[in-house]
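A.B. asks: Sequence first, predicted coordinates after that:
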Amino acid sequence: MLPKKIVEEIDKVAKELKLGEEERKRLEKEVERVYLNSRFEPGEAIGILTAQSISEPATQLTMRTYHLAGAAGIKVTFGLPRLIEIFDAKRKIETPMMTVYLKKEYNTKEDAERLAFKIVERRIKDVAKSISIDIGENTLIVEIGEEKELEKVKKAIKEHIARKVEVKVKENSIIIRPKEELSFSDLQKLKVEVGNILVEGIEGITAAIIRKEGENWVLQTVGSNLREVLKLEEVNERKTISNDIYEVYEVLGIEAARNVIVKEAYKTMQEQGLDVDIRYLLLLADVMTWSGEISSIGRYGVAGAKASVLSRAAFEETIKHLIRASIKNEVDEFKGLFENVMVGQPAPVGTGMFELIMRGEENEHRRNDKESDKRE
Amino acid sequence: MKKEIDVSKHELVPKHEIISEKEKEELIRRYGSLKNFPRIYTTDPQVKILNAKPGDVIKITRFNEVTGESVYYRVVVEGEG
């Protein structure tokens, strides 16, 4: 009946106070009474309470966006901008990040360092000494310092743009000759394209630092690519996680995305010393993931387009909305909040409220079902 | 060094399972209809693993430290993309 955490706490207290069997039972009963008493009554407007419980502390969040988050030296979005990012369900977040855990066999500093080096993306422009254009020959010359890099770069170029160019190696350089004559500006474009070719590492990860978390070595990355990182041999694919909700949704599914929403929102509040009960965030995340995909909180997402004519008219451009509604012969069903407040009717709010309940005999129930099916 | 990963084993993924027709009927009896149930797309990685069809109901057993274990249901719907 009681959540595990509370039971654990009772155990702790009972141990400290050396309670006997009898006393412990009484304590448990009392705790249960208080617990059940503090549950919401059916019909309480939980959504409104949730909105207030999150928004009020959120007014006290930091509004600055950029800041170095401590010793690690990685730039992360935090405070209000991050919270807005989460609830608006932004597809491209400002600072995607991954926390990469290692498998037991690889849980050493050396392996962590090696992996950190391996996953960071290196493009040709990072590896090459220079990339230059030879207009006379109509070629690109990629000059490479170290010999062992030469092969890798050559391979990368061949993989990516083999269709349109010929690749030749000459001493320390790679000469790229387009198959057809290119104008100077096209050569410039090709130069940029070549520079951006990935030589090694994982697409999207621009930096990685290692740190120790208890017994475990953990990699913190700038940029995120969960799908590819999980595939790496050294990575613990059960724990490694990204802060990018959409990416988690695509790789692990809607339920995992829901968990990340809760985790990230909770973390953001906690970092600023604000205590929001996690149940509110759970409810919010449930609402955001209800449809099977992530919808944002606000006008375009969960709250959606206001169906009621009167509530739309109350917001902006009253006359336009009323005229348009009368032309279209729109009906207002008075199911929302605004329109009912406007006419002085009780608004239909409250979680678990109902308009009419019917539970007759089993047979009757079925008959009603059939009738309502017909009507639909 | 690529390996096959099982995304259903991840820490943040609760247990997903398809419920039987009998359990589904029981749900419909209790809640009237499934049309107001939360949804999950056929394109969801977890649904793909279970190979569930639109109309199936997925039972999700969640665990949270504060609130304990809870059961949630989602109806499978045709996903986009």
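C.D. replies: All right, it came through fine. Computed from a predicted model, the values in this text were never measured in an experiment.

A.B. asks: Need the pLDDT of residue A:286.
C.D. replies: If you check residue A:286, the pLDDT there is 92.

A.B. asks: Quick check: it vs chain B, distance?
C.D. replies: 7 Å (CB to the nearest CB, to the nearest Å). Yep, even glycine has a C-beta here, placed from its N, CA and C like the rest.

A.B. asks: nearest residue to that residue other than its sequence neighbours?
C.D. replies: residue A:258 (7.0 Å; CB to CB, 6 or more residues apart in numbering or on different chains).

A.B. asks: again, but for residue A:48
C.D. replies: Spatial nearest neighbour of residue A:48, chain neighbours left out: residue A:349 (7.1 Å); criterion: CB to CB, 6+ apart.

A.B. asks: where are the low-confidence patches of chain B?
C.D. replies: The model of chain B has pLDDT under 70 over residues B:1-3, B:81.

A.B. asks: rerun at 80
C.D. replies: B:1-5, B:65-68, B:79-81 (pLDDT under 80).

A.B. asks: which residues touch the longest strand along chain B?
C.D. replies: The single longest strand within chain B, with elements called by DSSP state E, is strand B:68-77. Strand B:68-77 is contacted by residues A:3-5, A:254, A:292, B:19, B:27, B:34, B:37-42, B:47, B:52-64 when judged by CB atoms under 8 Å, 6 or more residues apart in numbering or on different chains.

A.B. asks: again, 7 Å this time
C.D. replies: A:3-4, A:292, B:27, B:34, B:37-42, B:47, B:52-63 (CB atoms under 7 Å, 6 or more residues apart in numbering or on different chains).

A.B. asks: For the chain, just list every one of the strands.
C.D. replies: I'll assume chain A. Under DSSP E, chain A gives strands at A:97-101, A:122-123, A:130-134, A:139-143, A:165-170, A:173-178, A:198-200, A:207-213, A:216-222, A:241-242.

A.B. asks: that's the wrong chain, I meant chain B
C.D. replies: Using DSSP E, strands in chain B cover B:15-18, B:39-41, B:57-64, B:68-77.

A.B. asks: Just say which of those strands is most tucked in.
C.D. replies: Ranked by mean neighbour count, these are led by strand B:39-41 with a mean of 23 (mean count of other CB atoms under 10 Å in any protein chain shown).

A.B. asks: Relative to that one, what are the paired strands and their orientations?
C.D. replies: Using DSSP bridges, strand B:39-41 pairs in its sheet with strand B:68-77 (parallel).

A.B. asks: and the angle for the strand it pairs with with strand B:57-64?
C.D. replies: In terms of direction (axes from the mean of the first three to the mean of the last three CA atoms, to 10 degrees), strand B:68-77 departs from strand B:57-64 by 150 degrees.

A.B. asks: who in the stretch 201-350 of chain A is up against chain B?
C.D. replies: Proximity of the stretch 201-350 of chain A to chain B, by CB under 7 Å from any CB of the partner chain, involves residues A:230-233, A:237-239, A:241, A:251-256, A:259-260, A:278-279, A:282, A:290-293.

A.B. asks: and the gap between the spatially most central residue of chain B and chain A?
C.D. replies: For chain B, the residue sitting closest to the mean C-alpha position, by CA atoms, centre = their mean, is residue B:58 at 3.2 Å. From residue B:58 across to chain A, the span is 9 Å (CB to the nearest CB).

A.B. asks: Which residue, neighbours along the chain excluded, lies closest to residue 49?
C.D. replies: Reading this off chain A. residue A:280 (7.7 Å).

A.B. asks: you looked at the wrong chain, it should be chain B
C.D. replies: residue B:8 (5.3 Å).
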